[in-house]
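[1] Next comes the sequence, and after it the predicted model I'd like to discuss.
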Amino acid sequence: MKNRSLNIEKLRKKLKTTWLGKNLHHFMETDSTNNVAKALAEQGAEEGTIIIAETQTYGRGRLGRKWESPKGGVWLSIILKPKLKMREIVKINLLAAVAVAKTIREEFKLNAEVKWPNDILIDRRKVCGILTEAVSEGDRAKYVILGIGINANFELAALPETLRATATSLKEILGKEVDREKFICNLLKNFEVYYEKFKEGKTDLILNNWRKLSCILNRKVQISDYKKKFEGLAIDIDKDGYLIVKLNNGILKKILSADVTLRLTD
Ligand code: ADP
């Protein structure tokens, strides 16, 4: 059947997580799963609560950009309550990127790569975007909403023409639909495993995995924020999730993800 809705019963049965997704809300349509998650978190929803929608009318990217969310995609948000300072939240983003890329590799044998700070690419085309939003209480995160959007079972034609050169979908690459329920279950299991390790303080393990999966390290990149643009070589990410770029004049610069856009230039 074309773009059938998720079979939530099947998903619940297949889910092998300990705590993640035990509380799961499924919508045919929402404005943004992150918005719904935020409202639920404000009402006291527990950690691990998941919101999934078949389509989003106002899916968001970073910096207020629009995230296209046609039917057939995997649009989900996870409520997390890590004991983290606000500036550490970026690590959740890296962790999620590793979990998504690993799951795509394991399941479909595709060469999914992570692009700092929040995209997953296959053959340099975006197949997934991640949006981490946090609400603070002092300098700590009260809760974190992790939004993951994966272009799964739709063709490129479902996206606006302007995105077709830079985006891709699993269906487009594989030439057939994927089992979204199975994929979501494996993704959530992988995420839970990494999140547990992260909570045990094994940040290095996450960062090392991220480095191995990265398509930007040792590549020329252009960074732009609302004021300026500069170019250099992406050298590494440091233990805090900052990107280290060697500028053309040899100076090393630390970049925080919040307000910048990164483009590969080679
Ligand atoms: P960036 O990749 O520049 O960091 P974001 O992560 O904020 O940007 O994602 C938003 C951008 O992604 C949009 O401006 C658009 O160019 C692109 N985009 C929107 N929807 C999709 C989609 N479903 N698949 C791939 N790319 C998309």
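    That came through fine.
[2] quick one: the helices in the stretch 1-150 of the chain?
    Applying DSSP state H, counting those that start in this stretch to the stretch 1-150 of the chain gives helices spanning 8-14, 33-42, 90-108.
[3] Next, format these as JSON lines and append mean neighbour count, mean pLDDT and distance to S77.
    From N, CA and C alone the C-beta is placed, and that goes for glycine too. Formatted as JSON lines, the helices of the stretch 1-150 of the chain follow (neighbours: other CB atoms under 10 Å; pLDDT from 0 to 100; distance: least, CB to CB, whole Å):
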{"stretch": "helix 8-14", "mean neighbour count": "14", "mean pLDDT": "97", "distance to S77": "15"}
{"stretch": "helix 33-42", "mean neighbour count": "20", "mean pLDDT": "98", "distance to S77": "4"}
{"stretch": "helix 90-108", "mean neighbour count": "23", "mean pLDDT": "97", "distance to S77": "11"}
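[4] so which of those comes closest to the ligand?
    helix 90-108 (10.3 Å; CB to the nearest ligand atom).
[5] So what's the gap between the closest one and the chain middle?
    From the chain centre to the centre of helix 90-108 is a distance of 7 Å (CA atoms, centre = their mean, to the nearest Å).
[6] Quick check, pLDDT for the closest residue to the ligand within the chain.
    Residue nearest to the ligand within the chain: G61 (2.6 Å; CB to the nearest ligand atom). pLDDT recorded at G61 is 93.
[7] what sits against it?
    W67, G129, L131 (CB atoms under 8 Å, 6 or more residues apart in numbering).
[8] Go ahead and confirm the second one touches L146.
    No - the pair G129 and L146 fails to qualify as a contact (CB atoms under 8 Å) at a distance of 11.8 Å.
[9] Which positions in the stretch 101-250 of the chain make contact with the ligand?
    When proximity is defined as CB under 6 Å from any ligand atom, the stretch 101-250 of the chain approaches the ligand at N118, D119, K126, G129, N151, L159, L163, A167.
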